[in-house]
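Visitor: give me a 3D structure for the following:
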Amino acid sequence: MATLPFLTKTYHHKSYPAIAPSRPELSTNGSVVLITGAGSGSGKATAYAFAKADAKAFALCGRRLAPLEAVKAKIEAKHPSAKAIVLFLEIVSEREVDPVFTDFCVREGPTDILVNSAGHKSDKGTIAETTLVNCWESLETTCKKAASSSHSIPQNHNTSTHADPVLISMNGLVAHMLASQIKTAPASYASSKMAQGKMIEYAASKNRGS
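Guide: You can find the predicted model right below:
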């Protein structure tokens, strides 16, 4: 059971039958999916889940080529009909992101589902104990990835194969907690996740129905 007064009565640390990607009603058959941070962690797990849900094409985005290639190989080995494309880029660089995303949409069709999962490993400690460089890098990476994905989805809305393109923004529990309740997460990580959550909230509000 949950020990903090948030969100749900039960916390899940792994997938469970109600959200199994193999369920017919959760199928993403024919969908084009773009995932940032797809080489590890939640991004990698999300890529595998969408492959099981029968998505048509994947853009696996990240700045470490070897892990992305490994995810691509595993998806295509287990799901021969799926097309996985590695997009090797720095998600916080608008000069890299815009042309690469546009080229992918031209080749595979507009993105139906964009999963924002790229992140930054912060130094441990309080704000006072963290270097300014690391603290700012965490904020920049987390917030710019949210801005980049929020900017991309509305552009594809009118021509998407689905009526309502979906933006999924991965976040952490720390984004919904008071600072006094956060005992272990690095301060720069927690702050950046809170900022990301607010940015996505505004993006959802301003792009509703567009």
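
Visitor: which residues of this protein score low on pLDDT?
Guide: Low-confidence segments of the chain, defined by pLDDT under 70: 1-7, 121-123, 149-150, 152-163, 179-185, 207-210.

Visitor: for it, list the residue farthest from the centre, please.
Guide: Relative to the C-alpha centroid of the chain, counting by Cα atoms, centre = their mean, Ala128 is the outermost residue, at 29.1 Å.

Visitor: name the SS class of that one, please.
Guide: For Ala128, the assignment made with DSSP: H, G, I helix; E, B strand; the rest coil gives coil.

Visitor: now it, what are its backbone angles?
Guide: Ala128 has phi and psi values of phi -70, psi -30 when expressed as degrees, to the nearest 10.

Visitor: verify the stated contact: Leu114 with Val166.
Guide: Yes: Leu114 is within contact range of Val166, at 7.3 Å (criterion: Cβ atoms under 8 Å). Backbone N, C-alpha and C define where each C-beta goes, glycine included.

Visitor: show me where the protein has helices.
Guide: 41-52, 65-78, 94-108, 132-156, 187-206 (DSSP state H).

Visitor: identify each buried residue in the third one, please.
Guide: Neighbour counts over helix 94-108 (16 or more other Cβ atoms under 10 Å) mark Glu96, Val97, Val100, Phe101, Phe104, Cys105, Glu108 as buried.

Visitor: show residues contacting it.
Guide: 32, 34, 56-57, 59, 83, 85, 87, 89-91, 111, 148, 152, 156 (Cβ atoms under 8 Å, 6 or more residues apart in numbering).

Visitor: run the last query once more with 10 Å
Guide: Contacts to helix 94-108, defined as Cβ atoms under 10 Å, 6 or more residues apart in numbering, come from residues 32-34, 36, 56-59, 61, 63, 83, 85, 87-91, 93, 110-111, 114, 144-145, 147-149, 151-152, 155-156, 159-160.
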